[in-house]
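Q: Have a look at this prediction, sequence included:
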Amino acid sequence: MTKGPSIRRRRLRVADYESLKSSMIEAYPDMDNAIWKPEQIEKLMRIFPDGQLCVTVDDKVVAAALAIIVDYDLYGDKHTYTQITGNYSFDTHDPSGDVLYGIDVFVHPDYRGLRLGRRLYDARKALCEKLNLRAIVAGGRIPNYSKYADKLSPRQYIDKVRHKELHDPTLSFQLSNDLHVVKVLTGYLPGDTSSKEFATLIEWKNIYYQERRKIAGRLDSVVRLGLVQWQMRHFEDLDAICEQIEFFVDAVSDYQSDFCLFPELFNTPLMAKFNHLNLADSIRELAKFTEPLRDRFIQFAISYNVNIITGSMPMMDGTQLKNVGFLCRRDGSWEMFEKLHITPNEVHAWGMVGGDNIRVFDTDSGKIGILICYDVEFPELARIMANDGMQILFVPFLTDTQNGYVRVRRCAQARAIENECFVAIAGSVGNLPKVENMDIQFAQSAVFTPSDFAFPTNAVKSEATPNSEMTLLVDVDLDLLKELHTYGSVRNLKDRRTDLYRLERLSKSSKGSKVARKTKKP
């Protein structure tokens, strides 16, 4: 068996200097001032050993990346290389800073094409994430610019490199490693004749960065969802149904769930005592239970330390009958949401009307959207919410037949993929023989994901047993969404052709409506 070269990425050592120097000389043939002195390398390894990386081939240093940490606000985007390095002293290194500043990266020309530079940048990115730094920033040379300086401005040259019309050994490499150009720097590195002393200020943003000040209720990237697949059955009164509600809240709380989701119109068993009335009158009688139920949910959210999405219930708004629900946060605050699209049956049988508010809710476990059943079949709503930062979409639903359920399920899956978010759906099962227009139910509650390598191959995180009363407990990782937005195989949100089309929110559905902002403590 033929043994290939031994390639290793590791931290730089003091003993590596002569090998390092030899490779620097080959990498910078036209820049004598680019060769670091032994005492400079020793200081870098003393003040920030983790930031000094190299790649060896058969124990010879053939590539290296050197970095310091800086408080970037002290220098801003108009700095020079001399300023950011403290006149090459590296006294600007600040362990409590917020940016990993790249002061050098090079590959011996005989070893280019082995993707050694990518290994070094991958290590830099991992270090940036590990140290919770905001970004990687560097001033990048554009060594091929001198060949085109008489024809192109620096900006024109950078655009042509970005569009792969021209190749620059430094800039092309940086762009291929997900760094982007912030601006052009002038007089950045004196003596860099190949770049005409121009440079690109390049940046890689750490999407996992968390601000360091302590925040009450800091977001955890892993969020646990508790879905209630509710069995329709006879309940004698409000206390009886609240006892069953509390059972499920208690159950999902025992597993430290962050959210508990109930289905649409799950409280319709209370209509049984009004079955002698016509359909429109009976559901209006049911609406009288909504505010007492809401108050119980608020208390349960506090007592069991879980954010509850109450499913939905009928509610009178003046003379209009609406289908509404409540987000009851575990801190005691609550807000109302409305069903916007009313099905023909709901209009014909009950005389319901739709609401007019589209919004995203802030919680201690991320930004969420809520769409009631039929609403998820209208893609515009979820897209508006995605534009407002929604990470998890909750869909309480009620379907009587399998084809009705399939509509909700397929549309919910589409919303997860096209908006790069998680979608949780929860419905009711069983029969209600004594409640007209609510005879049968079909449901299979589930949590859907986007479709990419970090997610299940069928884009289904988990699903309940069809038509069985149960809870579904599912963990979702919000950091995976950040990674998908930036590095996904396809990027549905970023790749929209907003030069050809756009989605507008009309004033009637603005984020500031009174109903949407209603909050109180019990």
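A: Arrived safely, thanks for sending.
Q: What ranges in the stretch 301-450 of the chain fall below the confidence cut-off?
A: For the stretch 301-450 of the chain, no stretch has pLDDT under 70.
Q: all helices for it, in order.
A: For the stretch 301-450 of the chain, the helices defined by DSSP state H, counting those that start in this stretch cover 344-350, 379-387, 402-419.
Q: Mind putting those helices into CSV with distance to residue 325 and mean neighbour count?
A: For the C-beta atoms, the positions are set from N, CA and C on the backbone; glycine is no exception. Output for the helices of the stretch 301-450 of the chain, formatted as CSV (distance: least, Cβ to Cβ, whole Å; neighbours: other Cβ atoms under 10 Å):
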stretch, distance to residue 325, mean neighbour count
helix 344-350, 15, 15
helix 379-387, 15, 19
helix 402-419, 16, 19
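Q: Switch those helices over to a markdown table; also include distance to residue 69.
A: Conversion of the helices of the stretch 301-450 of the chain to a markdown table gives the following (distance: least, Cβ to Cβ, whole Å):
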| stretch | distance to residue 69 |
| --- | --- |
| helix 344-350 | 59 |
| helix 379-387 | 34 |
| helix 402-419 | 36 |
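Q: Mind checking those for the one nearest to residue 156?
A: helix 379-387 (33.1 Å; Cβ to Cβ).
Q: Quick one: residues in contact with the closest one.
A: 340, 358-360, 369, 371, 375-376, 390, 393, 411, 414-415, 418-421, 493, 503, 505 (Cβ atoms under 8 Å, 6 or more residues apart in numbering).
Q: Quick one, which of these are buried?
A: For the contacts of helix 379-387, a burial check counting by 16 or more other Cβ atoms under 10 Å picks out 340, 358-360, 369, 371, 375-376, 390, 393, 411, 414-415, 418-421.
Q: Residue 44: which element?
A: helix 38-47 (DSSP states H and E).
Q: chain center to that helix: distance?
A: 39 Å (Cα atoms, centre = their mean, to the nearest Å).
Q: Same question for that helix: list its buried residues.
A: Judged by neighbour count using 16+ other Cβ under 10 Å, the buried positions of helix 38-47 are 40-41, 43-45, 47.
Q: could these go into JSON lines alongside pLDDT and distance to residue 25?
A: Formatted as JSON lines, the buried residues of helix 38-47 follow (pLDDT from 0 to 100; distance: Cβ to Cβ, whole Å):
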{"residue": "40", "pLDDT": "94", "distance to residue 25": "15"}
{"residue": "41", "pLDDT": "94", "distance to residue 25": "14"}
{"residue": "43", "pLDDT": "94", "distance to residue 25": "21"}
{"residue": "44", "pLDDT": "95", "distance to residue 25": "19"}
{"residue": "45", "pLDDT": "92", "distance to residue 25": "20"}
{"residue": "47", "pLDDT": "93", "distance to residue 25": "25"}
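Q: Can you read off the pLDDT for residue 189?
A: At residue 189 the predicted local confidence, pLDDT, stands at 80.
Q: what does residue 508 give?
A: 57.
Q: again, but for residue 505
A: pLDDT, residue 505: 80.
Q: so it, which of the three states?
A: Three-state assignment for residue 505 (DSSP: H, G, I helix; E, B strand; the rest coil): coil.
Q: Likewise for residue 250?
A: Applying three-state DSSP: residue 250 is helix.
Q: For it, give me its contacts.
A: Contacts of residue 250 by Cβ under 8 Å, 6+ apart are residue 304.
Q: what about 10 Å?
A: 260, 300, 303-304, 306 (Cβ atoms under 10 Å, 6 or more residues apart in numbering).
Q: Over to residue 433?
A: Neighbours of residue 433 in contact, by Cβ under 10 Å, 6+ apart: 232, 234, 272, 439-440.
Q: same thing with residue 340?
A: 322-323, 354-358, 371-372, 374-375, 378, 381, 509.
Q: Looking at those residues, spot the one nearest residue 163.
A: After measuring the contacts of residue 340 against residue 163 - Cβ to Cβ - the closest member comes out as residue 381, at 36.4 Å.
Q: list the buried ones in stretch 128-137?
A: 128, 131, 133-137.
Q: ends of it, how far apart?
A: Taking Cα to Cα, to the nearest Å, the first and last residues of stretch 128-137 lie 11 Å apart.
Q: what's the average pLDDT for stretch 143-161?
A: 93.
Q: For that stretch, output the C-alpha coordinates as CSV.
A: Taking C-alpha atoms only, stretch 143-161 is exported to CSV below (Å, rounded to 0.1, in the frame of the first residue of the first chain):
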residue,chain,number,x,y,z
PRO,A,143,-2.7,40.8,-5.2
ASN,A,144,-3.9,40.4,-8.8
TYR,A,145,-5.4,43.9,-8.9
SER,A,146,-2.2,45.5,-10.1
LYS,A,147,-2.7,43.6,-13.4
TYR,A,148,-6.0,45.4,-14.0
ALA,A,149,-5.6,48.7,-12.1
ASP,A,150,-5.3,50.7,-15.4
LYS,A,151,-8.7,49.4,-16.5
LEU,A,152,-10.7,48.8,-13.4
SER,A,153,-11.4,50.6,-10.1
PRO,A,154,-11.0,48.4,-7.0
ARG,A,155,-14.8,48.1,-6.7
GLN,A,156,-15.1,47.0,-10.4
TYR,A,157,-12.3,44.5,-9.8
ILE,A,158,-13.9,43.1,-6.7
ASP,A,159,-17.3,42.7,-8.5
LYS,A,160,-15.6,40.8,-11.3
VAL,A,161,-13.9,38.5,-8.9
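Q: Sort out which residues of it are buried, please.
A: Quick answer for stretch 143-161 (16+ other Cβ under 10 Å): 143-145, 148, 154, 157-158, 161.
Q: Which ones among the residues you listed lie within strands?
A: Judged by DSSP state E, strands contain none of these.
Q: Dump those into a markdown table; add distance to residue 16 as well.
A: What follows is those, written out as a markdown table (distance: Cβ to Cβ, whole Å):
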| residue | distance to residue 16 |
| --- | --- |
| 143 | 25 |
| 144 | 29 |
| 145 | 31 |
| 148 | 36 |
| 154 | 35 |
| 157 | 35 |
| 158 | 34 |
| 161 | 32 |
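Q: Tell me the one of these nearest residue 211?
A: Nearest member of the buried residues of stretch 143-161 to residue 211, counting by Cβ to Cβ, is residue 158, at 31.3 Å.
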